[in-house]
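K.L.:
predicted structure and sequence below. I'll ask about it afterward.
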Amino acid sequence: MQLLHIALVSCSQENADAFYGGILGLKKIKTAELKSDLAQNLFGLDLECPLILYGNEDVAIEVFVSDRIPVKNSPVSHVCLQVEDRESFLDACRSAGLPVITVPRGDSPLCFVEDFDGNLFEIK
């Protein structure tokens, strides 16, 4: 099995570009439009919205851009990312005004970051 992409929601293209392109450093691979008939058939939503695929050689994140889709369905839903330098990454998130949650646990604390739209990321 291979994970091909993760789909998340952003309320604006600016937020998506700032987090996925800026903070995560992913390239914008393609943009498309989610048509209302497909949104209705797949997700039960009467919605048309842009979608942007960001990625690199290791990860692909498909972002639906709409302020009409609630982001937080579950308080435990999150994506776990491993970064090269966790402290530098967390400092960049703090500098961008993103909430960083750090909880002591053994030798290595658990660290979570919320993007500009409330999507939660565990950072290793």
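P.N.:
Cool, the structure landed.
K.L.:
immediately after the lowest-mean-pLDDT helix or strand in the chain, which helix or strand?
P.N.:
Here the helix or strand of the chain ranked lowest by mean pLDDT, DSSP states H and E is helix 36-43, holding a mean of 90. Once the chain leaves helix 36-43, the next helix or strand it forms, by DSSP states H and E, is strand 49-55.
K.L.:
go through that next one and flag the buried ones.
P.N.:
49, 51, 52, 53, 54, 55 (16 or more other C-beta atoms under 10 Å). Every C-beta, even on glycine, is put in place using the N, C-alpha and C of the backbone.
K.L.:
what angle separates the least confident helix or strand of the chain from strand 49-55?
P.N.:
Angle, helix 36-43 to strand 49-55, by axes from the mean of the first three to the mean of the last three C-alpha atoms, to 10 degrees: 60 degrees.
K.L.:
helix 36-43: which residues count as buried?
P.N.:
residue 39.
K.L.:
can you give me the helices for this protein?
P.N.:
Under the criterion DSSP state H, helices of the chain are mapped to 13-16, 36-43, 86-95.
K.L.:
need the ones you listed in CSV with distance to residue 105, can you?
P.N.:
Below are those laid out as CSV (distance: least, C-beta to C-beta, whole Å):
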stretch, distance to residue 105
helix 13-16, 30
helix 36-43, 36
helix 86-95, 14
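K.L.:
now distance to residue 27 and pLDDT too, for the buried residues of strand 49-55, in TSV please.
P.N.:
Shown next, in TSV, are the buried residues of strand 49-55 (distance: C-beta to C-beta, whole Å; pLDDT from 0 to 100):
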residue	distance to residue 27	pLDDT
49	21	94
51	15	95
52	11	98
53	9	97
54	7	98
55	6	97
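K.L.:
that concludes my questions; thank you for your assistance.
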